[in-house]
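*Asks:* Build me a model from this:
(one chain, ligands or ions: 1)
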Amino acid sequence: MYKFMISKGSLPEICKSIYDKHDADVIGTSSGTVQTLLLKNPQDIQAVLTGEFSKFNSRGFLLNPNDVLADNLLFMNDVQKWKMVRQKLTPVFTSARLKNMFYIMDRCARDFVDLVDDNPQLKKKPYTLVYTYTTAAIGASVFGIDTKTRSTMDSPYVAMMWKALTPTLKGNLILLTANIFPNLYKLLKLKTLGDYEKPFIGIIKKVLESRKGDTQKRHDFIEICLELKKQGVLKDTTSGYELELSDELLAAQAFFFFAAGADTSGTAMHFALLELASNPKILAKLHKEIDGVFEAGNGDELTYDDLDKMQYLDMIISESMRKYPPIGVLQRICTRDSVLPSGVSVEKDVVCMIPVMAVQRDEKYYPDPEVFDPERFAPENASNIKKYTYLPFGEGNRHCLGARFARVQMKVGLARLLRRFTLTPQKMEPVEFEKSAFGLRAADLFYDLKLRNI
Ligand code: HEM
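*Replies:* Sure thing, here's the model as predicted:
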């Protein structure tokens, strides 16, 4: 982490350079004053993410108790609280719920394509376009579709999240302090997301209040929150642990649906489109699949089940997230002394880093790793992928809660975009990633969207 703060590029790239240099199962390093292990062996990765979960249940991001917005599912360190909130939120993302929610995402995807059509200026900033779509789609899925706005792309959350998530000097300094001077971080009661706490919690409280008497079924997150709140204080019958789903707690979850979901899905779509522009044969095959599904259906309509028919699109998204995992490093902290399958002992408070990008570009697991080849994920090949070497959504008890949602959102967005537009062929240049702690981003890269003649 210290090297990350003073060097160019992203943490996943730094981890990859360490990974490639050393032929060992586990590589010892440090992150400021914190001892860190970089794991290479898939069995050790399996143990940390799944098998030995009770000893590695936290990501170990330092938080002060007053950091209300950041103390959420993603960063939550209190395992009992995490378990209960995760249990309550898991049903938000079942296939049945997503099917009900599909109308929201489809409406956003239609508005997204109209936005591309109407804005020649925005077309010059393709990442801004996809990020606007993913943020607005999460906004509409959380708060419902605002019937007063003409387009879901005019969402007020886009600008807010853009500001909240753009790395700043202040944000980097807070991160640096948390990692290198944890005692100072605690003493100063620093907050990672302090600036957004009041406005965001305020919005959630207002929307929850305004929807209390509403009987219309909308299938959005606020509706689920209101159902959960009716259950009163939640109690774990085995441990006796009690938790109240306060507005603050729910606001923190909603905030992190944006934080965890908008940039990651936008980045995955962005890299998929870049690779498609550079691989005309793959693009042509994808156009054929998308056109086939639209033409077999009802004009411009698309259903949730239609997405299942777009298997090649699914393979492209998977391959894109292999080569460019939006989260390129996973992290766990050891909460009880442990011994990994490779025989390495891990003491309490040691951080384990899983270098997702490095593993997913290791030629041992993916021959010619730099080649963009969706066939790796064809049904007949996907079963040969070694377990714990494909981790774009993480694995185990703390794997991505929104993975299904993200796939639906990306598929419907890309399907509608590539029904109306195609991409001018271009050569893929080596990507220079931005400085980012866990993510792999290259927002300035460009592809040219051209209206199709259909
Ligand atoms: C392509 C899009 C996405 C990618 C690549 C992604 C990736 C990830 C990864 C790598 C993790 C950590 C997993 C681990 O540590 O094992 C994670 C956690 C999480 N993600 Fe996602 N994510 C995406 C979209 C979303 C969306 C759309 C949402 C919500 C709407 C979401 C909600 C979460 C939450 C709540 C967690 C924390 C889970 C926990 O600690 O129990 N993600 N995601």
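
*Asks:* what's the next secondary structure element after the helix or strand that contains residue 141?
*Replies:* For residue 141, the host element (DSSP states H and E) is helix 126-143. Counting by DSSP H and E, the element after helix 126-143 in chain order, helix or strand, is helix 157-165.

*Asks:* can you state the direction angle for that following helix and helix 126-143?
*Replies:* 110 degrees (axes from the mean of the first three to the mean of the last three CA atoms, to 10 degrees).

*Asks:* name the helices or strands packed onto helix 157-165?
*Replies:* helix 126-143, helix 194-210, helix 247-278 (3 or more CB pairs under 8 Å, 6 or more residues apart in numbering; DSSP states H and E). Backbone N, C-alpha and C define where each C-beta goes, glycine included.

*Asks:* re the thing from before, please name every helix or strand in contact with the helix holding residue 141.
*Replies:* Helix 126-143 packs on helix 95-118, helix 120-123, helix 157-165, helix 221-230, helix 247-278, helix 403-420, going by 3+ CB pairs under 8 Å, 6+ apart.

*Asks:* Flag every residue of this protein that's near the ligand.
*Replies:* Proximity of the chain to the ligand, by CB under 6 Å from any ligand atom, involves residues 49, 73-74, 86, 138, 256-257, 260-261, 264-265, 268, 326-327, 330, 392-395, 398-402, 405-406.

*Asks:* So how do I select the buried members of those in PyMOL?
*Replies:* In PyMOL syntax, the buried subset of these is picked out as below (16 or more other CB atoms under 10 Å):
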select buried, resi 49+73+74+138+256+257+260+261+264+265+268+326+327+330+392+393+394+395+398+400+401+402+405+406
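
*Asks:* pLDDT weak spots in the stretch 101-250 of the chain?
*Replies:* Where the stretch 101-250 of the chain drops to pLDDT under 70, the residues are 165-197.

*Asks:* From residue 429, how far out is the residue of it found nearest the ligand?
*Replies:* Residue of the stretch 101-250 of the chain nearest the ligand, by CB to the nearest ligand atom: residue 138 (5.9 Å). Taking CB to CB, to the nearest Å as the measure, residue 138 falls 31 Å from residue 429.

*Asks:* do the same with residue 223
*Replies:* 45 Å.

*Asks:* One more: residue 140?
*Replies:* If you go by CB to CB, the gap between residue 140 and residue 429 works out to 35 Å.

*Asks:* just the helices and strands packed on helix 157-165: most buried one?
*Replies:* Mean neighbours per residue, mean count of other CB atoms under 10 Å, is largest over those for helix 126-143, with a mean of 25.

*Asks:* how many degrees apart are that helix and helix 247-278 in direction?
*Replies:* With the same axes, to 10 degrees as the basis, helix 126-143 and helix 247-278 are set at 150 degrees to each other.

*Asks:* how about the CA coordinates for helix 126-143, as PDB?
*Replies:* Presented in PDB, the C-alpha positions along helix 126-143 are these (Å, rounded to 0.1, in the frame of the first residue of the first chain):
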ATOM      1  CA  PRO A 126     -17.500   6.700 -23.600                       C
ATOM      2  CA  TYR A 127     -16.700   5.900 -20.000                       C
ATOM      3  CA  THR A 128     -18.900   8.800 -18.800                       C
ATOM      4  CA  LEU A 129     -21.700   7.300 -20.900                       C
ATOM      5  CA  VAL A 130     -21.600   3.800 -19.400                       C
ATOM      6  CA  TYR A 131     -21.000   5.200 -15.900                       C
ATOM      7  CA  THR A 132     -24.000   7.400 -16.300                       C
ATOM      8  CA  TYR A 133     -26.000   4.400 -17.200                       C
ATOM      9  CA  THR A 134     -24.900   2.100 -14.400                       C
ATOM     10  CA  THR A 135     -25.200   4.800 -11.700                       C
ATOM     11  CA  ALA A 136     -28.700   5.900 -13.000                       C
ATOM     12  CA  ALA A 137     -29.800   2.200 -13.200                       C
ATOM     13  CA  ILE A 138     -28.700   1.500  -9.600                       C
ATOM     14  CA  GLY A 139     -30.400   4.800  -8.600                       C
ATOM     15  CA  ALA A 140     -33.600   3.700 -10.200                       C
ATOM     16  CA  SER A 141     -33.400   0.200  -8.600                       C
ATOM     17  CA  VAL A 142     -32.800   1.700  -5.200                       C
ATOM     18  CA  PHE A 143     -35.200   4.600  -5.200                       C
END
